[in-house]
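Chemist: everything below, folded, please.
(one chain, ligands or ions: 1)
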Amino acid sequence: MLNKQRLLTPGPTPMPEQIRLAMAADMIHHRKAFFKEVMAETRAGLGELFGASLPVLPLSASGTGAMVAAVCTLFAPGEKVLVVEGGVFGERWTEICLAHKVVPLPLKVEWGQAVSIDAVSEALDRNTDIKGVLVQHSETSTGAMHPVKDLAALLRGREPLLVVDGISAVSVMPCPMDAWGIDCLLTGSQKGLMLPPGLALIALSERAWQKAESVADESYYFNLRKEREENDKQQTHFTSPVSLILALRESLRLLRSTGLANIYRKQWGLAQMARAGVTALGLQLFAPDSYAWGLTSILLPEGMDAGRILAEAADKYGVIMAAGQGGAFKSRMVRIGHMGYVDYADLAAGLHAFVRSFQICGGYLGCRNYLEQALDAYWTALEQGVPDKYL
Ligand SMILES: *Cc1c(COP(=O)(O)O)cnc(C)c1O
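Modeler: From the prediction side, this is the model:
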């Protein structure tokens, strides 16, 4: 009780009071007029958030449910897709394809790096029968950002669909679906949207809906065609996740009243802040060049154990952060989440807790003014705004 709990994980993320209160409301019936009003409002808000003119469909599932829905709606068994594989979530695309008999061609990317547009272009030239390119905008397991805007430009006028897992990107960094030319964009509730886990959101382009018609076997549960028909009537196909939709309405109201541009600017600022702090400490950023704005991944020096550091940070300082995910880096990486309802003061607490815990665990850090440098970087970034190339 001495410290507040600060949830600085790359999902789930903290929830603002308005959202917590919406979750506490009594149940309403999902086929009656009031719920339809709520759905109509969220439909408009989601369209703005995704930058999509066609409907953004809610599904009762964690984010991965929308990934499954994308694969089985858009690609028939035997069809080939190129998968950008630079972390756990890229690998998840491959696993989902295999489970649904879609043929993944993994394009391996070194963890922490972004995929190169040239490599994608070459792979497409080598395999002219590729029907889709599957990628993460923010690869949450490494903290890297893949260049979705450039991928969309590359694919413009070509057959393959661009399918983007935006689970830790939507409402964190710009990825306007129609303007960039994304064919499928999806997200989950527990990241930038500041909601509890359990809701997935997915939108398709006109072209993607057409491609879906060529896929004969429809999933019984993740049937986007039926979801779209129901969505036009302010309904969902099965019983709606009512509390989550009520909370989503509050989230979208908050995003709108703050302004998406201001949110992206804050997220950009928090990324600069974390990176300046980590660099001042003399530690290594795991995603050095192209990085996501909703989390920062730190590669620990040899001999340091992420699990021990995180346990100290949680027990002594009340800050919950994440270790690496899967594979070789699990205990060598600390990931600080800073998306959604997280501000500069929370992140300062996070950096501080990380540093103290690192030292308790025997690590040596020379720098004393890392917090000052981090905060300077934040306010400077806020003043200068998001660089044009990301918009
Ligand atoms: C969190 C996350 C997921 C997984 O979402 P679940 O809600 O756990 O199913 C998938 N992709 C990315 C990029 C994520 O950040």
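Chemist: and the gap between L347 and the ligand?
Modeler: Per CB to the nearest ligand atom, to the nearest Å, L347 is found 18 Å from the ligand. Backbone N, C-alpha and C define where each C-beta goes, glycine included.
Chemist: okay, that residue: pLDDT?
Modeler: pLDDT for L347: 98.
Chemist: contacts only, for the residue nearest to it when sequence neighbours are not counted.
Modeler: Distances taken as CB to CB, 6 or more residues apart in numbering place H338 nearest to L347, at 5.1 Å, with adjacent residues excluded. H338 sits next to 8, 267, 270-271, 274, 294-296, 346-347, 350 when contact means CB atoms under 8 Å, 6 or more residues apart in numbering.
Chemist: same check on F329?
Modeler: Neighbours of F329 in contact, by CB under 8 Å, 6+ apart: 111, 142, 286, 299.
Chemist: just L299 next, same as before
Modeler: 112, 283-286, 329, 332-333.
Chemist: which one in those residues is the model shakiest on?
Modeler: Least confident entry in those, by pLDDT: F329, with 91.
Chemist: sec struct for A313, please.
Modeler: Classification of A313 by DSSP: H, G, I helix; E, B strand; the rest coil places it in helix.
Chemist: so E48 makes contact with R256?
Modeler: Yes: here E48 reaches R256: they are 7.0 Å apart, a contact under CB atoms under 8 Å.
Chemist: about what we covered before: now the buried members of the contacts of L299.
Modeler: For those, a burial check counting by 16 or more other CB atoms under 10 Å picks out 112, 283, 285-286, 329, 332-333.
Chemist: just give me the closest of these to T13.
Modeler: Nearest to T13 out of these is M333 (CB to CB; 18.9 Å).
Chemist: report pLDDT for the residue nearest the centre of the chain.
Modeler: Residue closest to the mean C-alpha point of the chain, counted by CA atoms, centre = their mean, is S168 at 1.1 Å. Per-residue pLDDT puts S168 at 98.
Chemist: look up how far the ligand lies from it.
Modeler: 4 Å.
Chemist: ok, that residue touching G11?
Modeler: Yes: in this structure S168 lies within contact range of G11 using CB under 8 Å: 6.3 Å.
Chemist: joint contacts of the two?
Modeler: Contacts common to S168 and G11, judged by CB under 8 Å, 6+ apart, are 140, 191, 339.
Chemist: among the residues you listed, which ones are buried?
Modeler: 140, 191, 339.
Chemist: on that earlier part again, for the residue nearest to L347, what are phi and psi?
Modeler: phi -150, psi 50 (degrees, to the nearest 10).
Chemist: make 53 the first number, not 1, from now on.
Modeler: Okay, using 53 as the starting number, the last item reads as H390.
Chemist: before we move on, back to that, got the contacts of F381 as CSV, with secondary structure and distance to P248 columns?
Modeler: Formatted as CSV, these follow (DSSP: H, G, I helix; E, B strand; the rest coil; distance: CB to CB, whole Å):
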residue, secondary structure, distance to P248
W163, coil, 29
T194, coil, 25
F338, coil, 28
L351, strand, 31
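Chemist: just list the residues touching K88, thanks.
Modeler: Contacts of K88 (CB under 8 Å, 6+ apart): 285-287.
Chemist: at 7 Å instead, please
Modeler: When contacts are counted by CB atoms under 7 Å, 6 or more residues apart in numbering, K88 touches Q286.
Chemist: repeat for L186
Modeler: Per CB under 7 Å, 6+ apart, neighbours of L186: 133, 135-136, 145, 215.
Chemist: of the buried ones among the shared contacts of S220 and G63, closest to G115?
Modeler: Nearest to G115 among the buried ones among the shared contacts of S220 and G63, with distances taken as CB to CB, is K243, at 7.7 Å.
Chemist: ranges for the helices of the stretch 153-302 of the chain?
Modeler: Remark: helices assigned in the stretch 153-302 of the chain by DSSP state H, counting those that start in this stretch are 169-178, 200-207, 229-232, 258-265, 276-283, 294-310.
Chemist: let me have the ones you listed in CSV, adding distance to V155, mean pLDDT and mean neighbour count as columns.
Modeler: CSV is the format used below for the helices of the stretch 153-302 of the chain (distance: least, CB to CB, whole Å; pLDDT from 0 to 100; neighbours: other CB atoms under 10 Å):
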stretch, distance to V155, mean pLDDT, mean neighbour count
helix 169-178, 13, 98, 14
helix 200-207, 19, 98, 19
helix 229-232, 26, 98, 18
helix 258-265, 16, 98, 16
helix 276-283, 21, 98, 18
helix 294-310, 34, 98, 19
